[in-house]
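>>> Give me a model of this one.
(chains A, B, C and D)
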Number of protein chains: 2
Amino acid sequence: MIGAAVALADRDGIGALSMRNLAESLGVVPMAIYKHVANKEELLDGMVDVVFAEAAFPVDGGWKAAMRRRAISMRDALARHAWAIGRMESGVPGPANLRHHNATMGCLRGARFSFPTAVHAYSVMDSYIYGFALQEKNLPADIPAEAETRVRRVEQEHPSSAEEYPYLMDLAVELAKSGYDYTTEFETGLDLILDGIERIRGREAAISE
Amino acid sequence: MIGAAVALADRDGIGALSMRNLAESLGVVPMAIYKHVANKEELLDGMVDVVFAEAAFPVDGGWKAAMRRRAISMRDALARHAWAIGRMESGVPGPANLRHHNATMGCLRGARFSFPTAVHAYSVMDSYIYGFALQEKNLPADIPAEAETRVRRVEQEHPSSAEEYPYLMDLAVELAKSGYDYTTEFETGLDLILDGIERIRGREAAISE
DNA sequence: GGCTAAGGTGTACGGCGTACACCTGTCAAA
DNA sequence: TTTGACAGGTGTACGCCGTACACCTTAGCC
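Residues are numbered from 1 along each chain as shown, chains lettered A, B, ... in the order given. Next up is the predicted model:
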């Protein structure tokens, strides 16, 4: 049931996920769904937990490698299920959600992060992951191509904006030339953050010794 | 018109922003709105641009201070207009949006960031800002209080989960004790990221000299 | 054979975005 | 002074949406 809803949202977008469409895809009448979930909200909560279940949580091999793997796996899951972004931490958390957060917190605490530092690390990483996924969903899939068509359009239609937004025009020209890959962009930022976390952890280890 | 829509969404939530409600708040019939915007999508695009207009863009005084100010100002704007999160980079960009991104890119390039490094810096910061705002919107406003009630509920209802999710229980207990402040949490992560950006910029400056 | 519970059905209601035809007031050109 | 265009408000109607409520079917158990 929830699996069918996930499949439908993946295929046709969250906008197409109505109780009526879902019922039809199940060969059933709309109201039948309400025998399994109380309302659409609860359906969405269940769908979000499917996404959490797909994201690998850390098992160890060093906190940094484990957290890196977790982040990449979460971005992958969110790319597969773009409709889930923005709902991951809202609604009633499901069992996979709880397991995931428990394991992640366990990984950090097990690596002797102090409590506040673990919270900071978790906060900055999750914000980055969710924010990146959000932008990846909203921005054009092929940035260089899109940049190029925008430059062309501006050149023809409003030559003024080349003066109004010079750095934006620069950006578009450069991107069209050099390309843009979401995966390497994600990992660049991720490593920057992981290094930052390592540094604040080192600082606190130095104090406590 | 768009101002009234923003006010309505701020006050009653984005769910209450229907063409009918907006029309009523303007003392006008629903279809009258369509003389000013083509459809609801375009209305939302206009509303997003209001949020961009509220966020200060960098004017300088050093890239790090300028970017820090920009980030904090953007989070403030997103906290005032939670409905905008998740729409900031979708839809058709308005003039305030373009001005903002142009100025930010200009700040980085003016501080002699190479082109790819500027893109990395921009990407990691915006992902963090949007992701943090998203979590701030979704997570409970008063985390310590919420953590405490959850601990109590678990103790009474399912004593099992203390064993199933030990680190989560720990987390809740600690948060209830030590408190949680979104603003300082945001700035901690922000500074971690700014320091990381400074480091990759230094690396590249060292190469080019 | 009769009870219970799980789950599918049909109808109906109020709310949504918006297409389309219509009306009103303002103001410049004739 | 009339005219005609245009900006902008109006009223009706359509096809979607989530879901309340009453009903029916089937399976398993005493």
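
>>> Show the average pLDDT along the longest helix along chain A.
As assigned by DSSP state H, the longest helix anywhere in chain A is helix A:182-208. Averaging pLDDT along helix A:182-208 gives 91.

>>> how far off helix B:182-208 does it point, in degrees?
Orientation check (axes from the mean of the first three to the mean of the last three C-alpha atoms, to 10 degrees): helix A:182-208 against helix B:182-208 gives 110 degrees.

>>> Report the buried residues of helix A:182-208.
For helix A:182-208, a neighbour-count test (16 or more other C-beta atoms under 10 Å in any protein chain shown) marks A:182, A:185-190, A:192-194, A:196-197, A:200-201 as buried. For glycine as for every other residue, the C-beta is placed from the backbone atoms N, C-alpha and C.

>>> Turn these into TSV, including distance to chain B.
What follows is those, written out as TSV (distance: C-beta to the nearest C-beta, whole Å):
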residue	distance to chain B
A:Y182	9
A:E185	5
A:F186	8
A:E187	11
A:T188	5
A:G189	4
A:L190	9
A:L192	4
A:I193	7
A:L194	9
A:G196	4
A:I197	7
A:I200	7
A:R201	11
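
>>> biggest separation within those residues, which pair?
Of all pairs drawn from the buried residues of helix A:182-208, the greatest distance, 28.2 Å, lies between A:Y182 and A:R201 (C-beta to C-beta).

>>> Flag every residue of chain A that's near DNA strand C.
Contact residues, chain A versus DNA strand C (C-beta under 7 Å from any atom of the strand): A:28-32, A:35-36.

>>> ok so, going back, between the buried residues of helix A:182-208, which sits nearest B:V124?
Nearest to B:V124 among the buried residues of helix A:182-208, with distances taken as C-beta to C-beta, is A:G189, at 3.6 Å.

>>> Now the closest one. Nearest residue, chain neighbours left out?
B:V124 (3.6 Å; C-beta to C-beta, 6 or more residues apart in numbering or on different chains).

>>> May I ask which helix or strand encompasses the one you found?
helix B:115-138 (DSSP states H and E).

>>> ok so, going back, I'd like to know which of the residues of chain A next to DNA strand C are buried.
Buried, going by 16+ other C-beta under 10 Å: none of these, as it turns out.

>>> Among the residues you listed, which one lies nearest to B:F132?
Nearest to B:F132 among those, with distances taken as C-beta to C-beta, is A:H36, at 35.1 Å.

>>> other SSEs contacting the helix holding B:V124?
helix A:115-138, helix A:166-178, helix A:182-208, helix B:63-80, helix B:95-110, helix B:182-208 (3 or more C-beta pairs under 8 Å, 6 or more residues apart in numbering or on different chains; DSSP states H and E).

>>> Mind checking those for the one nearest to B:G86?
That would be helix A:115-138 among the helices and strands packed on helix B:115-138, by C-beta to C-beta, at 6.1 Å.

>>> Since that was my last question, I'll sign off now.
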